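**Student:** Below are the sequence and a predicted model for it; my questions follow.
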Amino acid sequence: MNTLQAIRGMNDLLPQDSPRWQFLEDAVRETFEQYGYRLMRTPIVEPTALFVRSIGEVTDIVEKEMYSFEDGMNGDKLTLRPEATAGLVRATIEHNLLYDGPKRVWTWGPMFRHERPQKGRYRQFHQFDVEALGFAGPDVDAEQIVLLKRLWDRLGFKNVRLAINSIGDAPARAAHRDALVKYFEANLEKLDADATRRLYTNPLRTLDSKNPAMRDLVDAAPRLVDFLGDAEQAHFAGVCALLDAAKVEYTVDPRLVRGFDYYNRTVFEWIAKTEEWELTIAGGGRYDGLIEQLGGKPAPACGFGMGVERVMMLLEQTPGTPIVSGLDVYVVYGAAERDHAWRAAESLRDAGLSVAVHGGAESSVASFKSQMKKADVSGARFAIILGSDEIAQQKLTVKDLQGGGQVLLSMDDAVAHIAMALTAARQ
C-alpha cells in the first residue's frame, strides 16, 4: 500500500518548527493591538460570487487560481478563500459592524490558491490581514504602513524596502485605462499573451507584468499619476507627509498596482531582499468602493495582507532572533517518585511555568540517564530531578540545561530561581 502524503503545496507545520511560528504570532498580535486593531475571524469557505465581485472577474486569481466547488447538498457555488479582505467586508455588512462608527480589525489563517508551488508560493498559505473600515483620511493609510515598519523593527528585519503609489479613483483610472488601451493597441506586436487577452478587460494589470520582454513597453506607457485630480493628489501627499514625519523611508513607484480590482488611491508593498531572493512580504492599500460594491452602505476602507510563510523565510535568515521552545521545565524522576513528580509538576504549572513530565513507560520508568537525554532535546531550560534523596529532604534538584549547574531547593525557592533565570534570558 502506498503511503499517503500531503498535497503538493500544502505543508505540515512540525513541532520543531512551531516555536518560530508562535514567536511571530505573538509579535504580530501584540503589535496590531498596540494600534487598536481587534481580532475578527471569518470562515475559510465563502460564496464564489463574493470573490468574483470583489477581486475582479478578469484576474489571475479568479480565472485560474481559486479552489471552487459545488456544494453537494444544495448546489451552491463555494470557494476556499484566496484572500481575507472580501470575507471580512462581507461579515462587516452582514453584522452591520459600522453602525456605531469605524472599526479596526485583523485576522489570520489559511488561504488557498491553485498555482504552481514554488519558493514563497504555496497552494495553502497563511496570511495576517489588517483592515480599517470606515476611515477616509490618509492618516490610516500611513498608520498601517508605520505599523508594519514597527513590526519589521521588532523582528530585526534590515533588508526591507517600501514602495508606494496612488492609483487614483474610478474617473482617473478610467481615463488612464483609455490611454493605456490606445497605447497598447499601437504596440500590439509587442504584447505577450496575457497582455493581449487583457487589453480590453484589465489593461492596468499589464503594468505589473513580470515578463522581461515587456519591460521597455511598460516603462514607456502612460502614467496614472498624470490623470490624478486634486483630491487624489492631496490624499497621497498626506500619506507621504505622515510617512516623512514618522521617518519611514519609501520609494514612489508609479508602476505599482495591486492584483485586485477593488483598490483605489493608496497602494503599497513591503519588499524583502536576501542574497537568494526578493519577495513582497506585505502589501495593500485603500478600497473605498468595496463595501458598497458588496451591498453595504458606502464606507471608505484601507487594509493589507502579510504572507506568513514569506515572513518566516526572512525570519529564519535574521540573526539574533530569540526563538524559544516554549517549555520551561522537564521533570525527571525515579520509579518510586512518580506521584511526587506529578504533584511537583502541577505546583510548577500553578506558578505559571510550562512543564513536561517524562512519561510513556507502562511497567517501569526509564533510567535517569535516559530521561536526562530526553530533557536535553526537549528544548526546556531546566530539568527538575526527583529521586529518593530529594523526597527525603523535601527538596527538588534544579539543573540548568544550558550549562548553569544544579542546585537543591525547596519548591518555592525552585520556582523563584527558575522564574528569575527565565526573566533574565528574555530581556
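**Tutor:** On my side now, so go ahead.

**Student:** pLDDT wise, what is the residue nearest to residue 34 when sequence neighbours are not counted at?
**Tutor:** Once flanking residues are discounted, residue 34 sits nearest to residue 150: 7.5 Å by CB to CB, 6 or more residues apart in numbering. For every residue, glycine as well, the C-beta is placed using N, CA and C. In this model, residue 150 is scored at 94, pLDDT.

**Student:** same deal with the one 5 residues further on?
**Tutor:** The score at residue 155 is 90. That number is its pLDDT.

**Student:** Likewise for residue 160?
**Tutor:** Residue 160 carries a pLDDT value of 91.

**Student:** Please report how far it lies from residue 312.
**Tutor:** Distance of residue 160 to residue 312, computed by CB to CB, to the nearest Å: 14 Å.

**Student:** Then residue 188?
**Tutor:** As judged by CB to CB, residue 188 and residue 312 stand 43 Å apart.

**Student:** Settle it for me: which of the two has more neighbours?
**Tutor:** The neighbour comparison of residue 188 against residue 312 (other CB atoms under 10 Å) goes to residue 312, with 19 against 10.

**Student:** Can you give me every residue that contacts the more buried one?
**Tutor:** Taking CB atoms under 8 Å, 6 or more residues apart in numbering as the criterion, residue 312 is in contact with 20-21, 24.

**Student:** Who wins on neighbours among those?
**Tutor:** Ranked by neighbours (other CB under 10 Å), those are led by residue 24, which has 20 neighbours.

**Student:** ok so residue 279 is a strand residue?
**Tutor:** Yes - the assignment for residue 279 (DSSP: H, G, I helix; E, B strand; the rest coil) places it in a strand.

**Student:** Do I have it right that it meets residue 269?
**Tutor:** No - using CB atoms under 8 Å, residue 279 makes no contact with residue 269, being 10.1 Å away.

**Student:** Quick one: distance of the helix or strand residue 332 falls within to the chain centre.
**Tutor:** Here residue 332, judged by DSSP states H and E, is contained in strand 329-333. In terms of CA atoms, centre = their mean, to the nearest Å, the centre of strand 329-333 is found 35 Å from the chain centre.

**Student:** Check stretch 223-233 too.
**Tutor:** 32 Å.

**Student:** In the stretch 201-350 of the chain, where is pLDDT below threshold?
**Tutor:** For the stretch 201-350 of the chain, the stretches with pLDDT under 70 are 259-260, 320-325.

**Student:** Repeat that for the stretch 51-200 of the chain.
**Tutor:** In the stretch 51-200 of the chain (pLDDT under 70), the answer is 56-64, 120.

**Student:** in it, which spans are helices?
**Tutor:** Remark: helices assigned in the stretch 51-200 of the chain by DSSP state H, counting those that start in this stretch are 60, 85-94, 138-155, 170-185, 193-197.

**Student:** right, and these - which one's nearest residue 397?
**Tutor:** Of all the helices of the stretch 51-200 of the chain, it is helix 138-155 that lies closest to residue 397, at 37.3 Å by CB to CB.

**Student:** Can you list the helices and strands that the closest one packs against?
**Tutor:** helix 18-34, strand 124-133, strand 160-166, helix 230-245, strand 264-273, strand 278-286, strand 301-307, helix 308-316 (3 or more CB pairs under 8 Å, 6 or more residues apart in numbering; DSSP states H and E).

**Student:** which of the residues in that helix are buried?
**Tutor:** 138, 140-149, 151-152, 155 (16 or more other CB atoms under 10 Å).

**Student:** before we move on, what about stretch 378-397?
**Tutor:** Buried residues in stretch 378-397 (16+ other CB under 10 Å): 378-387, 390-391, 395-397.

**Student:** Just the residues you listed: which are in helices?
**Tutor:** Among the buried residues of stretch 378-397, DSSP state H puts 390-391 in helices.

**Student:** Nearest to residue 10 among the contacts of residue 312?
**Tutor:** Closest approach between the contacts of residue 312 and residue 10, by CB to CB: residue 21, at 15.9 Å.

**Student:** tell me the contacts of the closest one?
**Tutor:** By CB under 8 Å, 6+ apart, the contact set of residue 21 is 13, 308, 312.

**Student:** Pull stretch 284-300 out as PDB, backbone CA atoms only.
**Tutor:** Presented in PDB, the C-alpha positions along stretch 284-300 are these (Å, rounded to 0.1, in the frame of the first residue of the first chain):
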ATOM      1  CA  GLY A 284      -2.300  46.500   0.500                       C
ATOM      2  CA  GLY A 285      -3.900  49.800   0.100                       C
ATOM      3  CA  ARG A 286      -7.200  51.700   0.100                       C
ATOM      4  CA  TYR A 287     -10.500  50.200  -1.200                       C
ATOM      5  CA  ASP A 288     -13.200  52.900  -0.700                       C
ATOM      6  CA  GLY A 289     -15.800  51.300  -3.000                       C
ATOM      7  CA  LEU A 290     -15.700  47.700  -2.000                       C
ATOM      8  CA  ILE A 291     -18.200  47.900   0.900                       C
ATOM      9  CA  GLU A 292     -20.900  49.500  -1.300                       C
ATOM     10  CA  GLN A 293     -20.000  47.100  -4.200                       C
ATOM     11  CA  LEU A 294     -20.800  44.100  -1.900                       C
ATOM     12  CA  GLY A 295     -24.100  45.500  -0.800                       C
ATOM     13  CA  GLY A 296     -23.300  47.700   2.200                       C
ATOM     14  CA  LYS A 297     -23.700  51.400   2.800                       C
ATOM     15  CA  PRO A 298     -20.900  53.400   1.200                       C
ATOM     16  CA  ALA A 299     -17.900  53.500   3.500                       C
ATOM     17  CA  PRO A 300     -14.200  54.000   2.900                       C
END
